[in-house]
Each structure stands twice: as C-alpha cells, then as structure tokens.
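Asker: Here's a sequence, model it:
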Amino acid sequence: MRAIPLTVTAVAAALLLTACNDGGNGAKGKDSSACKVGDVSVQIGSASVAPAAGDTGEVPVSITNQSAPCTLSGFAAVRLKAGGTTVSVPALEGAKAQKLKLAKGDSASFTISYVRGEAGGGSSIEAKTVEVALGGGATQSFPWSYGPVAVKGGADSPNASVSAYQQAGD
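Answerer: Take a look at the predicted model:
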C-alpha cells in the first residue's frame, strides 16, 4: 500500500522542481545570468599598437568572473569617446557569436582591432577613452592610448571591430 503514495509523492516533487526552473531567464525574457561589468573583472592587456597611419593594431580585453556563474553571449559593446563624440565599434564582419558560460574564476577574452588614422586629420577619431559593456547596462572605461582611429565612410564609423568572445585558459 505504501508504494503508491511514495510514487505519487516522488512524481509530485519532480513536477514541482521542474516548475521552478525558469530556464536561466529572469523577468521579461532578459537573461539574468548574463555577465555584467562589476561582477567580472575587465582588463585591457598589452596591445599590438599600430605604429603609423594605415597600420592595424589589436587591443586584447580579458574578462575574469569574480562571482556567481554567468554567461557571455553576442559581442561586447565597445564605444570610443573623443571629446563630446562617442562612436560604437561594430562586431567583426563574418564573426560568429557564441555563448560562453563562466564559472567563478573562469576567463574569456575578445579583441578590438583598429586601423590607425592620421593625427589631426579629418578622417580620424581622436579617441581618448574606450568604454566596454558586456551583458548589462554598466560600462567600464579605459584610457585609449593607441593613437587616432581611422574612419571609413563617415565620422561615426570607425575603421575598427570587436571580435567574438573566446574562452581563455584550459
């Protein structure tokens, strides 16, 4: 006689646990597990600086999770600031975004590639700051010391790109 009540209890418990799963999404369909500036450490590493106008440089950005597990998806939002002007750096053409889950202590990286522009030229952005956002609205700013960035098309279109996130380490 006890087998039936235990089976019913086990099935009911399993259904309750399944009902509690929100699939990793928070309210209103936003991913509550997204890695956010403030919960992770964001650092700009040693760059391969473009030495002269027309040369290409690369600036690596590393991310280390400092708290609860989180997910990087899409591309980092990167903006260059020059005085009162702010321009967004687009994702690398043809790059395929991937989702990376970071446990506490795990690391990932992405690269900002750019073409150096002429100093004082009208076809350059005299960037002084780079802002990085990962999954939330918070940003972190870093000094941009890699020279002016060339533009392609118009003044709000930097000749630069952001690569997809890559898992770092083992």
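
Asker: if I look at Q140, how far off is S48?
Answerer: 21 Å (CB to CB, to the nearest Å). Using the backbone N, CA and C atoms, a C-beta is placed for each residue, glycine as well.

Asker: And A168, by the same measure?
Answerer: 17 Å.

Asker: Next, the buried residues of stretch 89-97.
Answerer: Within stretch 89-97, the residues scored as buried using 16 or more other CB atoms under 10 Å are V89, A91, L92.

Asker: Pick out the residue nearest the middle of this structure.
Answerer: Centroid-nearest residue in the chain, with CA atoms, centre = their mean: A76, separated by 2.6 Å.

Asker: my guess is that one meets T111, correct?
Answerer: No: taking CB atoms under 8 Å as the definition, A76 is not a contact partner of T111, at 10.0 Å.

Asker: any residues in contact with both of those two?
Answerer: Residues touching both A76 and T111 by CB atoms under 8 Å, 6 or more residues apart in numbering: V61, V162.

Asker: Mind checking what helix or strand follows the worst-scoring helix or strand of the chain on mean pLDDT in sequence?
Answerer: Lowest on mean pLDDT, DSSP states H and E among the helices and strands of the chain sits helix 3-20, with a mean of 35. Later in the chain than helix 3-20, the nearest helix or strand by DSSP states H and E is strand 40-44.
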